[in-house]
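> fold the following, please.
(one chain, ligands or ions: 1)
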Amino acid sequence: MISIENLSKYFKTDKQEITAVDDMTLDIKEGNIFGVIGYSGAGKSTFVRLLNRLEEPSSGKIVIDDREITSLNNKQLRVARQDIGMIFQHFNLLWSRTVKDNIAFPLEIAGVPKKDRDSRVDELIRLVGLSGRENAYPAQLSGGQKQRVGIARALANRPKVLLCDEATSALDPETTNSILDLLVDINQQLGLTIILITHEMHVIRKICKQVAVMEKGRVVEQGDVLELFSRPKQPVTKKFVEQVMGNQQDEDSVGQLVQSSAGGNIIRFHFLGETTNQALISKLSKEFDVDINILQGKITQTQGGAYGTLYVQINGDHQEVQKAVAFVHEQTSVEVEVIREDG
Ligand SMILES: Nc1ncnc2c1ncn2[C@@H]1O[C@H](COP(=O)(O)OP(=O)(O)OP(=O)(O)O)[C@@H](O)[C@H]1O
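So this is what the prediction gives:
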């Protein structure tokens with residue numbers, strides 16, 4: 001759907017030349033929610049603005065839905081942009097226009113007749129959950145509602161791609177979650193390809209299927225979100241994973257755990273993309289004659305399933321404990337490791 005080849009952007013200032021995007025190559029599949037994460041200054045905003053040529057590339061090639069964006073003239077670009085919606089951190093709404101008229105704006109520009117505009121706007125208002133607020137002005141809306149207007153406006157011309165530039169960074173955690181849920185909903189309902197840039201790993205965790213990590217204008221690591229969580233290679237990626245998971249490699253705390261829990265078997269379960277394991281603990285205690293005590297853990301949900309580690313103490317007859325461990329090993333995709341054996 002989207003193919004980016006050797007894309008670069010240099011900015012010349014009086015004193016120096018800055019490489020904001022440095023030779024990026026990426027392929028993004030249709031219907032994906034693709035995240036790009038990086039710290040401030042990594043080049044994320046520049047990258048996303050190059051995709052619809054809000055920023056002109058210095059070199060490289062961008063193809064979106066078989067159309068080479070980088071070779072279009074201005075007139076062709078205006079038409080092509082109707083297929084590429086965009087939402088922004090600070091919403092970029094027109095403050096003198098109502099919700100309805102903000103959403104109608106791109107339709108007016110595209111020359112859609114008034115009657116068709118009105119019915120499309122009604123449809124969009126329902127889609128983004130703004131019914132009843134049609135005639136409000138942006139200043140009368142909450143941050144989350146403003147972003148809903150931004151999303152409706154971006155979708156007005158039925159784009160194939162939606163670019164999200166830090167779309168939830170100005171919102172509180174609860175509103176962030178509701179906007180992310182809306183993006184997933186839109187992705188599923190409309191089959192829209194979404195590219196989302198952020199500096200927050202929990203945003204990636206919650207809605208992205210694949211992710212690229214940017215540092216100093218370059219993609220330093222990319223892959224499936226679960227894969228990246230479980231095997232981050234670059235130091236910057238490890239830091240981002242720690243934002244969500246804490247430091248999983250903290251051997252001290254495991255040692256402490258073993259010391260402080262008197263007796264019993266200590267088992268570590270490692271969840272990696274399993275989607276049917278929510279009932280694992282209760283299933284084990286029902287099917288085997290064992291008692292299970294949860295000691296410590298952190299599990300998080302990604303679009304690819306659950307990810308994380310859980311330490312439990314399993315008490316019971318030696319054979320029953322072994323059977324329970326064998327069950328997890330053989331019947332589920334949860335990795336299991338015996339940290340300490342009883343006796
Ligand atoms: N118009 C510009 N002129 C000169 N330098 C720029 C311009 N836009 C961006 N830069 C520089 O390019 C680099 C990448 O900036 P960019 O805004 O893309 O990063 P970012 O990852 O989006 O960070 P942030 O989240 O802070 O915006 C930075 O060093 C920035 O100062």
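
> check whether stretch 210-229 comes near the ligand.
No: contact between stretch 210-229 and the ligand is absent, the nearest approach being 6.7 Å (criterion: C-beta under 6 Å from any ligand atom). Where you see a C-beta, it was placed from the backbone N, CA and C, and this is true even at glycine.

> list the buried residues of that stretch.
Neighbour counts over stretch 210-229 (16 or more other C-beta atoms under 10 Å) mark 210-215, 217-229 as buried.

> next step: those residues restricted to helices.
225-229 (DSSP state H).

> and which of the residues you listed is nearest Ser40?
Top of the list for closeness to Ser40, among those and by C-beta to C-beta, is Leu228 at 20.3 Å.

> now the closest one. Nearest residue, chain neighbours left out?
Excluding its sequence neighbours, the residue lying closest to Leu228 (C-beta to C-beta, 6 or more residues apart in numbering) is Val211, at 5.8 Å.

> quick one: that neighbour from the ligand, how far?
15 Å (C-beta to the nearest ligand atom, to the nearest Å).

> skipping adjacent residues, who's closest to Gln243 in space?
The shortest distance from Gln243 to any non-neighbouring residue, by C-beta to C-beta, 6+ apart, is to Met201 (4.3 Å).

> for Thr309, same thing?
His270 (5.2 Å).

> quick revisit: residues in contact with the residue nearest to Gln243?
Listed by C-beta atoms under 8 Å, 6 or more residues apart in numbering, the contact set of Met201 reads 37, 240-241, 243-244.

> give me the number of residues near Lys238?
Using other C-beta atoms under 10 Å, Lys238 has 14 other residues around it.

> and it, what element?
In the assignment (DSSP states H and E), Lys238 maps to helix 235-245.

> after that helix, next one along is what?
Counting by DSSP H and E, the element after helix 235-245 in chain order, helix or strand, is helix 251-260.

> mean confidence (pLDDT) on that following helix, please.
Mean pLDDT, helix 251-260: 68.

> helices or strands next to it in the packing?
strand 265-274, strand 290-302, strand 335-340 (3 or more C-beta pairs under 8 Å, 6 or more residues apart in numbering; DSSP states H and E).

> Gly35 and Ile194, how far apart?
Distance from Gly35 to Ile194, counting by C-beta to C-beta, to the nearest Å: 9 Å.

> so between these two, which is more surrounded?
Neighbours around Gly35 and Ile194, counted as other C-beta under 10 Å, are more numerous at Gly35. The numbers are 27 against 24.

> helix/strand/coil for that one?
Using DSSP: H, G, I helix; E, B strand; the rest coil, the three-state assignment for Gly35 comes out as strand.

> test my guess that it contacts Thr198.
Yes: counting by C-beta atoms under 8 Å, Gly35 touches Thr198, with 6.5 Å between them.

> which neighbours do these two share?
Joint contacts of Gly35 and Thr198 (C-beta under 8 Å, 6+ apart) are Ile204.

> got the residues of this structure near the ligand?
Within the chain, the positions near the ligand by C-beta under 6 Å from any ligand atom are 11, 13, 18, 20, 38, 40-46.
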